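> The following block contains a protein sequence and its predicted model.
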Amino acid sequence: MYDLPEEIHVEADGPIRIITLNRPDALNAVNDDLHTGLARLWPRLSDDREARVAVLTGAGKAFSAGGDFAYLAELGSDAELRAKTIAHGRDIVLGMARCRVPVVAAVNGPAVGLGCSLVALSDIAYIAETAYLKDPHVQVGLVAADGGPLTWPLHTSLLLAKEYALTGAKIPAARAREMGLVNHVVADPRTEALACAKRILELPRQAVESTKRLLNLHLERAVLATLDYATTAEDLSFQTAEFRAVITALTAGRE
């Protein structure tokens, strides 16, 4: 559906849209096609008048392992690709914040980097007991322009947001629930997320969509207050010697 790259699979289950990040052999790590598809997805979902609620999950063992190392290396050397990607990052964040359709995240495995951001920008989140959140932007020398730190201060305390943004440490499922970064820790997040989606379907459409918009106006204002600075800073961080050294070491380790 929606004429998206094969890295994103959208399935209709009546008025429910099941959105699956679809690079299972790479743990759904984000490459250019997946990133571009995510930028296109949210306005198309909003324009789909038959859609009432969406479930967002990952194929295979992970929700998303974050940025593909080869893709990150290319972003460091290709200014045109970097400009497109940063613009698309902005589109993803604002697209999710403005999306008409409630999005229920089914976090079936690790949600790292942009995967972590997708969870933060969803409306309700169910996470597997063995899964975790992690925003490692600083660990690879990058500013998290489309990362968890953009929205975490709305979900948890500023001190906790700083701790995990500045260290890039893992946030286990139970800790994420305790901090308010997810709603529920469950054995089967997809089943629970679908059940939640079906409960939302039973409610009056206009009330649901307008209530989501009312709540997300707070999110959108917070995002717009920081997004321009964040994207400029991220663009600069892709060009630093520190980033190049880290990504060179990481890609060499995969060879």
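Alright, I've got the coordinates. Numbers count the residues shown, from 1 in each chain.
> which strands and helices sit next to the helix or strand hosting residue 236?
If you go by DSSP states H and E, residue 236 is part of helix 205-237. Under the contact criterion of 3 or more CB pairs under 8 Å, 6 or more residues apart in numbering; DSSP states H and E, helix 205-237 touches helix 79-98, helix 152-155. To be clear about C-beta, it is placed using only N, CA and C from the backbone, and glycine gets the same treatment.
> Show me how far the last one is from its chain's centre.
What it means is helix 152-155. Relative to the centre of its chain, helix 152-155 is centred 14 Å away, using CA atoms, centre = their mean, to the nearest Å.
> Give me the buried positions along it.
152, 153, 155 (16 or more other CB atoms under 10 Å).
> Kindly export it (C-alpha atoms) in CSV.
Only the C-alpha atoms of helix 152-155 are listed here, as CSV (Å, rounded to 0.1, in the frame of the first residue of the first chain):
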residue,chain,number,x,y,z
TRP,A,152,11.8,12.4,25.7
PRO,A,153,11.5,15.5,28.0
LEU,A,154,7.7,15.3,27.4
HIS,A,155,7.6,11.7,28.5
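> could you say what helices and strands it packs with?
If you count contacts as 3+ CB pairs under 8 Å, 6+ apart, helix 152-155 packs onto helix 158-167, helix 205-237.
> before we move on, the earlier item: just want the angle from the helix holding residue 236 to helix 79-98.
With axes from the mean of the first three to the mean of the last three CA atoms, to 10 degrees defining the directions, helix 205-237 sits at 150 degrees from helix 79-98.
> Buried residues, helix 205-237. List them.
Those buried within helix 205-237 under the rule 16+ other CB under 10 Å are 208-209, 212, 216, 219-220, 223, 227, 230-231, 234-235, 237.
> Return the residues in contact with residue 192.
For residue 192, the contact set (CB atoms under 8 Å, 6 or more residues apart in numbering) comprises 106, 126, 184, 186.
> Drop anything exposed from the residues you listed.
106, 126, 186.
> helix/strand/coil for the second one?
In terms of secondary structure, residue 126 is strand; the call rests on DSSP: H, G, I helix; E, B strand; the rest coil.
> How about it, nearest residue that isn't a chain neighbour?
Nearest residue to residue 126 in three dimensions, chain neighbours excluded: residue 189, at 4.1 Å (CB to CB, 6 or more residues apart in numbering).
> quick one: that neighbour and residue 57 touch, right?
Yes - at 7.2 Å, residue 189 counts as touching residue 57 under the criterion of CB atoms under 8 Å.
> what about those two, which has more around it?
A count of neighbours by other CB atoms under 10 Å puts residue 189 above the other of residue 189 and residue 57, at 27 against 21.
> Using CSV, lay out the contacts of residue 192 together with distance to residue 246, secondary structure and pLDDT.
Formatted as CSV, those follow (distance: CB to CB, whole Å; DSSP: H, G, I helix; E, B strand; the rest coil; pLDDT from 0 to 100):
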residue, distance to residue 246, secondary structure, pLDDT
106, 31, strand, 98
126, 33, strand, 99
184, 35, strand, 98
186, 35, strand, 98
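> Can you add distance to residue 46 and give those residues back as TSV?
Output for the contacts of residue 192, formatted as TSV (distance: CB to CB, whole Å):
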residue	distance to residue 46
106	20
126	23
184	26
186	28
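> The nearest residue to residue 8 once chain neighbours are set aside and residue 182, how far apart?
Excluding its sequence neighbours, the residue lying closest to residue 8 (CB to CB, 6+ apart) is residue 37, at 4.1 Å. Separation of residue 37 from residue 182 (CB to CB, to the nearest Å) stands at 24 Å.
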